[in-house]
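**Student:** build me a model:
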Amino acid sequence: MVRLSLVNMYLHGFTTPQIHEYDTLTSTDRWNEYANVILANPPFMTPKGGIRPHQKFSIQAKRSEVLFVDYMLEHLTNNGRSGIIVPEGIIFQSGNAYKQLRKLLVEENYLVGVISLPAGVFNPYSGVKTSILWIDKALAKRTDKIIFLKINSDGYDLGAQRRPIEANDLPTIFNHAMAYKAAVLSGVDYQVPEQNVILVEKSKLTESGEYNLSGDKYKVTQSRNSSNYEMVRLGDICDLYQPQTITAKELHDDGEFPVFGANGIIGKYHNYNHQDSEIVITCRGATCGSINKTYPKSWITGNAMVVKPKSDCVSKQYLFYILKNSDLTSTISGSAQPQITRTSLSPFIIPLPPLSIQEDIVAELDSYQKIIDGAKQIIDNWIPHINIDPEWKKCELRDVCYIDSVIEQSPPPDCIYIGADSIEEGTGRLIQKETIKQQSIRGAAVRFSGKKILYSKLRPYLNKVTITHFDGYCSTDIYPLSCYDSILYEYLYYVIKSNAFLQTAIGLQMGARLPRINKDQFLSMQISVPDLHTQQAIVDRIENEQKLIEGNRQLIALFEKKIKDRIEKLWKS
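**Tutor:** Numbering: from 1, shown residues only. Alright, predicted model coming up:
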């Protein structure tokens, strides 16, 4: 590591780099050396059993990330500055050492701001969520506030490949940071932008004694404090609890009562915990913070937290709507395993109008929800269907189309690229458009041109199909199909999207780890092909049906917005 560091410094213009090898946390050999500027991405890993540091640290801890940040704070000069990338544990962990460190950062005027980075910026090495501590001892003493800045995208997607995309918040966030610094130095009020920037009084951070440095925690109370209705803490009006956990062995195929877990209904159980329907919040995992409502006589696992009104002062349905349309980010902690606890959820604030007004609001929102549910039922039950006439000609796919592709090992760095994730299941529409148009492809890709049907040959994406009208590249797990004159592209597209075709393809797929259907098997699949006039009539009918389905999608979006707008008024009325 010393040799790598020497070369790295030299290549960056430091002709006489000074690299010293010693254990910062256990050795005191260089304790009395100080720096004007420290930039660091310290190790996040703590050995099993923890670290046994020397006794000169102001905070007694065994965690490496706590000790490294403490070390850097201790070794800044009076006007020292630092930028430290830290894991999310530093931001909100409730351990005593973490709280002591955050208290030191805030009360001793080290911290100017916290810059939240998206999870995945260090892929493919680590997907851990991180933030940057902006430390400037001179600047922090000139203000009684701390700025929180949030970066949602850094110019690359957050997958393992880290491909370039158009979205990039870095220049904007940097400009906001510099504008804030200039305002503090000049003694003028800083005008907070509407998005991705929150300014919080230091005294606000000290109220709970947690010194939580998650900007989202303070977002709701800042933006929603103008309601004329009483603002109440969720824990004051509701019982919050996690029911007894059910093991997989206790679930039964023939169980009578549904079990609600992190992802909705996960199985059935013979007994039940709740006689009434209950509001549940997923409190662990990727869906953490999502709101659901159980059926009467159902069981709820420990992955979901029940929110139950303590009295008649709050309508359960009103509570469901208000939580369903609230941002619960501020109550979530953890990065590898996000979670919500009773302690984090209890202080969450909601508006509480009189019960009669709650009932009026519920009646209005219920009417909107019925329209949404009806439209969703139409969408969910609609399947493009082709009534096969036994008189139609039967032929193999190779008789009506061919796989038209050229595999290139080094495609151009910026090109239109389509993977299975780029195709929306069901509709076949292309999604992630910014990603598609600006891809940096690593490895081989398939080049296609003009009108093509793109068919994903890899399970679980066999039902992902789309039609293109441009030149580009696609994953090697996708077949680009060109049609002969005997079949319309749109007709073949609907045939391939049919459930009958999908089931046949699933039966032909090979491979244990990544099942797929090979080229010969795919082209040997049989389909029914009528004359072109009949094909066109079928395509026209299905496309007319699709227009009605799209109208229902727009109806859902419209009434979902009406619900959100009505809830938003509660915070402002």
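
**Student:** for the nearest residue to residue 453 once chain neighbours are set aside, which three-state class applies?
**Tutor:** If you skip the residues right next to it in sequence, residue 453 has residue 481 as its closest partner in space, 4.2 Å away by Cβ to Cβ, 6 or more residues apart in numbering. From N, CA and C alone the C-beta is placed, and that goes for glycine too. At residue 481, secondary structure determined by DSSP: H, G, I helix; E, B strand; the rest coil is strand.

**Student:** now the most far-flung residue of the chain relative to its centre: how far from residue 457?
**Tutor:** Here the centre of the chain is the reference, and by Cα atoms, centre = their mean the most remote residue is residue 391, at 50.5 Å. Using Cβ to Cβ, to the nearest Å, we find residue 391 at a distance of 31 Å from residue 457.

**Student:** so where's the stretch 151-300 of the chain uncertain?
**Tutor:** Within the stretch 151-300 of the chain, the stretches falling below the threshold (pLDDT under 70) are 159-160, 220-227, 243-275, 286, 297-300.

**Student:** verify the stated contact: residue 339 with residue 288.
**Tutor:** Yes: assessed by Cβ atoms under 8 Å, residue 339 is found in contact with residue 288 at 6.3 Å.

**Student:** shared neighbours, those two?
**Tutor:** Common contacts of residue 339 and residue 288 (Cβ atoms under 8 Å, 6 or more residues apart in numbering): residue 332.

**Student:** which one's more surrounded, these two?
**Tutor:** Neighbours of residue 339 and residue 288, each counted by other Cβ atoms under 10 Å, are more numerous for residue 288; the result is 21 against 17.

**Student:** in contact with that one, which residues?
**Tutor:** Contacts were defined as Cβ under 8 Å, 6+ apart; by that measure residue 288 touches 262, 282, 332, 338, 339, 340.

**Student:** how near is it to residue 118?
**Tutor:** Noted for residue 288: a distance of 17 Å to residue 118, by Cβ to Cβ.

**Student:** quick one: mean pLDDT for the longest strand seen in the chain?
**Tutor:** Here the longest strand in the chain is taken by residue count, with DSSP state E as the criterion, and it is strand 76-87. Averaging the model's pLDDT scores along strand 76-87 yields 93.

**Student:** for stretch 12-30, same thing?
**Tutor:** Predicted confidence along stretch 12-30 averages 88 (mean pLDDT).

**Student:** how long is that stretch from one end to the other?
**Tutor:** From the first residue to the last, stretch 12-30 extends over 25 Å; the measure is Cα to Cα, to the nearest Å.

**Student:** hang on, the earlier thing: buried residues in the longest strand of the chain?
**Tutor:** By 16 or more other Cβ atoms under 10 Å, the buried positions in strand 76-87 come out as 76, 80, 81, 82, 83, 84, 85, 86, 87.

**Student:** what's it in contact with?
**Tutor:** Taking contacts as Cβ under 8 Å, 6+ apart, the residues outside strand 76-87 that touch it are 34-42, 44, 65, 68-69, 72-73, 110, 117, 128-138, 335.

**Student:** repeat that for stretch 538-552.
**Tutor:** The contact list for stretch 538-552 (Cβ under 8 Å, 6+ apart) reads 375, 376, 378, 379, 382, 384, 386, 488, 490, 491, 494, 530.

**Student:** who wins for neighbours among these?
**Tutor:** Using other Cβ under 10 Å as the neighbour test, the contacts of stretch 538-552 are led by residue 491, with 23 neighbours.

**Student:** how close does that one get to residue 522?
**Tutor:** According to Cβ to Cβ, residue 491 stands 18 Å off from residue 522.
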